[in-house]
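Chemist: The sequence isn't on hand, but the structure is:
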């Protein structure tokens, strides 16, 4: 199943790999141009702007792709449910794992490319960087488990999730720092676990980076474990209905 998904993901067209790399690069280029136009594009709270942007965007894309690719996983693999050993949760987990592998490879390419260009993009705490990256990926797995089951039962949920991706990108701090916002707004944004994952990843990359107060990996892990547990319960409880969709 993994090989089937991998071939479908990477050979869907001749430009599949091209777009995987160009999408984050285009986002970074647009934001750099905007910040250059406005001014003060070189540093953000103790980190160079381009590496800061790369880490935030790729971390968010890791979460987003795990979630979005899970939406159609059950419907796309209906034929495999004729085999008793294949459960509706299996294609969801396979797709999430595949996206984690692909996004990790792309992230390493960006790190290597940035280092060759002289950017400060090598993590000063590699173990913390790996832990933060894996935590964001697992958060996407948990969200994917919940949304894949919910979307199969209530199709309108998938439409809402797709619409919510752009606002979620903005409020997750991937594209611009959130610490300039007032405390009244920031205290609500901190309920978003993606913010904790992205900021923890940046803290492990940049020695001088000063993140906002309230960042907690414990909160991220609690949200992640809760989503994974709830998602697995949905798949177990509605397994027959998910197969019949």
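Modeler: Right, received. Where do you want to start? The model shown is predicted, which means the values in this text are computed figures rather than measured ones.
Chemist: Just list the residues touching residue 144, thanks.
Modeler: 66, 67, 69, 70, 73, 92, 95, 96, 231 (Cβ atoms under 8 Å, 6 or more residues apart in numbering). Every residue, glycine included, has its C-beta placed from N, CA and C.
Chemist: Quick check, residue 65 in contact with residue 98.
Modeler: No. Taking contacts as Cβ atoms under 8 Å, residue 65 lies outside contact range of residue 98: 9.4 Å.
Chemist: does the spatially most central residue of the chain sit in a helix or strand, and which one?
Modeler: In the chain, the centroid-proximal residue (Cα atoms, centre = their mean) is residue 63; its distance is 1.6 Å. Using DSSP states H and E, residue 63 sits in helix 49-71.
Chemist: still on that earlier bit, not counting residues beside it along the chain, what's closest to the residue nearest to the centre of the chain?
Modeler: Spatial nearest neighbour of residue 63, excluding adjacent residues (Cβ to Cβ, 6 or more residues apart in numbering): residue 140 at 4.1 Å.
Chemist: picking up where we left off before, packing partners for the helix holding residue 63?
Modeler: Helix 49-71 sits against helix 16-38, helix 89-116, helix 126-153, helix 156-171, helix 193-205, with contacts defined as 3 or more Cβ pairs under 8 Å, 6 or more residues apart in numbering; DSSP states H and E.
Chemist: Show me the shaky parts of the chain.
Modeler: Applying pLDDT under 70 to the chain flags the ranges 12-15, 35-43, 245.
Chemist: Is residue 120 in a helix, a strand, or coil?
Modeler: coil (DSSP: H, G, I helix; E, B strand; the rest coil).
Chemist: burial count for it?
Modeler: When neighbours are defined as other Cβ atoms under 10 Å, residue 120 has 16 of them.
Chemist: Repeat that for the one 4 residues further on.
Modeler: Neighbourhood size, residue 124 [other Cβ under 10 Å]: 14.
Chemist: That one is in contact with residue 206, isn't it?
Modeler: Yes. At 7.2 Å, residue 124 counts as touching residue 206 under the criterion of Cβ under 8 Å.
Chemist: circling back: may I ask which two of the contacts of residue 144 are separated the most?
Modeler: With Cβ to Cβ as the measure, no two of these lie farther apart than 69 and 231, at 14.4 Å.
Chemist: Now for the nearest residue to residue 161 once chain neighbours are set aside: which residues touch it?
Modeler: Distance criterion Cβ to Cβ, 6+ apart; nearest residue to residue 161, sequence neighbours excluded, is residue 147 at 5.7 Å. Shown in contact with residue 147 (Cβ under 8 Å, 6+ apart): 67, 70, 71, 157, 158, 161.
Chemist: Please identify which of these is nearest to residue 87.
Modeler: Once Cβ to Cβ is applied, the member of the contacts of residue 147 that ends up nearest residue 87 is residue 70, at 14.2 Å.
Chemist: any idea how far the residue nearest to residue 63 is from residue 238?
Modeler: 21 Å (Cβ to Cβ, to the nearest Å).
Chemist: Looking at these two now, which is surrounded by more residues?
Modeler: residue 140 (29 against 17).
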